[in-house]
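Undergrad: how would this look folded up:
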Amino acid sequence: MRVSQGTGGTRERIKAVALELFTEQGYEATSLREVAERLGVTKAALYYHFKSKDEIVTSVVSDRLDRMDALIAWAENQPATRATRRAVIERYADAMFSGEEPSVMRFFEQNQTALKSLSAGRELRGRMFQLAAVLSHGDESPAAQLRAVLALFAVHSSWFAVRTPNITDAERKRVALEVADELLAAIAAPPPTAP
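TA: Next comes the predicted model:
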């Protein structure tokens, strides 16, 4: 594999391999040299795309932030109803269960401490609270805020909390959405506005 081509596909491959190693060995315990070796390239070729492990993680998080920003923007233009909340959490789950996201979720679960210390991790946390605010819009009670965060966490924690052997990703997603919907159902709709 020639990493020096500069293609988006090469960057994606580097990110996938790095996440695999970070999940297997831990973020702190993995070196760029090991990432390059697993890819079968020189460290210099890897440096062409990413100068550090932090840059790799930032790129992964940036992809997720872009998707979250689009979802937040869409949700902010919708009425604060249970149907909207359900649509938001379903769109969020669709994004978290698609493509390479399962490996990203496993990386996040295995490397929470390292992620908290990176600016990308702090940005991700901020977006999660923005998304939770959208989910609880119209019910500003502390209980609604907590339910909104827990609904998002239901999607996330399904990757490590559901320990059923041989469960498929589709079943895991269904269970996560079922629990999230139970939480969102308890968020009150805003009072009707006077004519």
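Undergrad: quick check: closest non-adjacent residue to L184.
TA: In this structure, L184 finds its nearest non-sequential neighbour in R85, 4.4 Å apart by Cβ to Cβ, 6 or more residues apart in numbering. Any C-beta I mention is one placed from the backbone N, CA and C, and that applies to glycine too.
Undergrad: how about low-confidence regions in the chain?
TA: The chain contains residues with pLDDT under 70 at 1-8, 100, 190-195.
Undergrad: mind giving me the domain ranges of it?
TA: Domain segmentation of the chain under the TED database yields 10-49, 61-186.
Undergrad: how about those domains in TSV, adding distance to E55 and mean neighbour count?
TA: What follows is the domains of the chain, written out as TSV (distance: least, Cβ to Cβ, whole Å; neighbours: other Cβ atoms under 10 Å):
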stretch	distance to E55	mean neighbour count
domain 10-49	8	17
domain 61-186	9	16
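Undergrad: need phi/psi at the residue nearest to L184.
TA: phi -60, psi -40 (degrees, to the nearest 10).
Undergrad: so it sits against I187, correct?
TA: Yes - counting by Cβ atoms under 8 Å, R85 does reach I187; the two are 6.5 Å apart.
Undergrad: so for these two, which residues contact both of them?
TA: L135 (Cβ atoms under 8 Å, 6 or more residues apart in numbering).
Undergrad: and the helices in the protein?
TA: Taking DSSP state H, the helices of the chain run over residues 8-25, 32-39, 43-47, 53-76, 82-96, 101-110, 112-117, 119-135, 142-161, 169-185.
Undergrad: perfect, I'm done here.
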